[in-house]
Every structure is written in C-alpha cells, then in structure tokens.
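K.L.:
no sequence on hand, only this structure:
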C-alpha cells in the first residue's frame, strides 16, 4: 500500500478544481462578453458557449454519481474527461490566438482558465483510466 491515488479523495479534489476552473471561465466570459467578440464566430459559439456550459452541467453530475459509486460504464468517465479536456484546450487556444496582440487582459485570463481546467480534465482522464484498468485487473 504505497499510494492510493485512485481513491475518492483525488477524485473529489480533481472534480472540485474542474468545477472551479469552469465556473471562473464562465464568469469571465459572461461578464466581459462585450470585450471578447469571439462569441460572434462559429467556433466561439460552439466552444465558448457549448463546451463550457456542457462542462458545468456534466461535471457536477459526475462528481455526485462518482461519490455514490454509480459510474459503471466501461471507460465512460475517461471519455467524458478526454472530450472536455480537448474542448477546453481548443477554447483556450482559440481565444488566446485571437487576442494575442489586442492588449486586452480578459481574453487572456479566460483562455488561461480554460487551459488550466483542461489540464485538470486530462489529469482526471489519466486517473480514471488507471483506476478502471486496476479495477478490471482485479476482477479478471
């Protein structure tokens, strides 16, 4: 018993950090939407509106059902975390690349929060994969 990184403590911690990053990104995006006209582009509508609000709905549900032990699908959590990680990297990268020379701080903070959130999602993806792999090795 060296380290139990696949326990519920790391699961809850990662989910809380994911929720905090996504809420911070949504708050910045909603308050400063007039500064960031990325919302008028098709990619901005899909990534900024769609992926952020999808993450803020699904992540608390994963937290609740994960704590209760009801996430039983094969690699479901891995897939969801991977998709959110990729979408948040795309959102942050798109925002930062559009505003890199604009001398406006809010889009850079927004993009940074998205990328930090993506790091938490991808880390949780690795954790969920290892936990699922370890649980199937024990059963088989």
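P.N.:
Right, received. Where do you want to start? Everything quoted here is computed from the prediction, not taken from an experiment. Residues are numbered from 1 along each chain as shown.
K.L.:
where in the chain is pLDDT low?
P.N.:
Scanning the chain for pLDDT under 70 picks out 1-6, 33-44, 136-140.
K.L.:
show me what the helix ranked longest in it is packed against.
P.N.:
Scanning the chain for the helix with the most residues, using DSSP state H, yields helix 105-139. Judged by 3 or more C-beta pairs under 8 Å, 6 or more residues apart in numbering; DSSP states H and E, the packing partners of helix 105-139 are helix 8-31, helix 76-98. Any C-beta I mention is one placed from the backbone N, CA and C, and that applies to glycine too.
K.L.:
so which of those helices gets nearest residue 63?
P.N.:
For residue 63, the closest of the helices and strands packed on helix 105-139 is helix 8-31, at 4.1 Å, according to C-beta to C-beta.
K.L.:
and that closest one, what's buried?
P.N.:
Buried residues in helix 8-31, counted by 16 or more other C-beta atoms under 10 Å: 10-11, 14-15, 17-19, 21-26, 28-29.
K.L.:
how about stretch 80-98?
P.N.:
80-85, 87-92, 94-96, 98.
K.L.:
hmm, who's touching that stretch?
P.N.:
18, 22, 25, 36, 38, 43-44, 47-48, 51-52, 54-55, 58-59, 62, 107-108, 110-115, 117-119, 121-122, 124-125, 128 (C-beta atoms under 8 Å, 6 or more residues apart in numbering).
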